[in-house]
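Chemist: sequence unavailable; structure follows:
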């Protein structure tokens, strides 16, 4: 079984530019207020539908507040058959200071 990889925002941005799926596991209100442009919100209610519809081999970057919760979520996705999963160190807080123009408001796509 593969393991998820921890990456900095710069590597997450490079993967995103190559078409990686970015998922955000913060709470819905925080996600709606500001998130990485194009990311999908995942919570306990939406994750099973996401897994069912996902390409398990597509690169998937998991983001949370500061990079801690995303590690648990990334490990869970690996356990569900995903093969190329990343947890972004520093979370959205570091992303927002690194790439302020790459954020959006509103609910998930």
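Modeler: Received it, and whenever you're ready, just let me know what you need. None of the values given here were measured: they were computed from a predicted structure.

Chemist: if I pick residue 57, what's in contact with it?
Modeler: Residue 57 makes contact with 82, 83, 84, according to C-beta atoms under 8 Å, 6 or more residues apart in numbering. For every residue, glycine as well, the C-beta is placed using N, CA and C.

Chemist: ranges for the helices of the chain?
Modeler: Secondary structure of the chain (DSSP state H): helices located at 9-17, 28-33, 47-53, 69-79, 91-98.

Chemist: nearest to residue 106, of those helices?
Modeler: Residue 106 sits nearest to helix 28-33 of all those, at 6.1 Å, using C-beta to C-beta.

Chemist: distance from that closest one to the middle of the chain?
Modeler: 14 Å (C-alpha atoms, centre = their mean, to the nearest Å).

Chemist: in it, what counts as buried?
Modeler: residue 31 (16 or more other C-beta atoms under 10 Å).

Chemist: do stretch 85-95 as well
Modeler: Applying 16+ other C-beta under 10 Å to stretch 85-95 flags 85, 86, 87, 88, 89, 90, 91, 92, 94, 95 as buried.

Chemist: average pLDDT across that stretch?
Modeler: The predicted model gives stretch 85-95 an average pLDDT of 97.

Chemist: circling back to that earlier point, could the helices of the chain go into JSON lines alongside distance to residue 2?
Modeler: Converted to JSON lines, the helices of the chain look like this (distance: least, C-beta to C-beta, whole Å):
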{"stretch": "helix 9-17", "distance to residue 2": "16"}
{"stretch": "helix 28-33", "distance to residue 2": "27"}
{"stretch": "helix 47-53", "distance to residue 2": "16"}
{"stretch": "helix 69-79", "distance to residue 2": "6"}
{"stretch": "helix 91-98", "distance to residue 2": "22"}
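
Chemist: all set, thanks.
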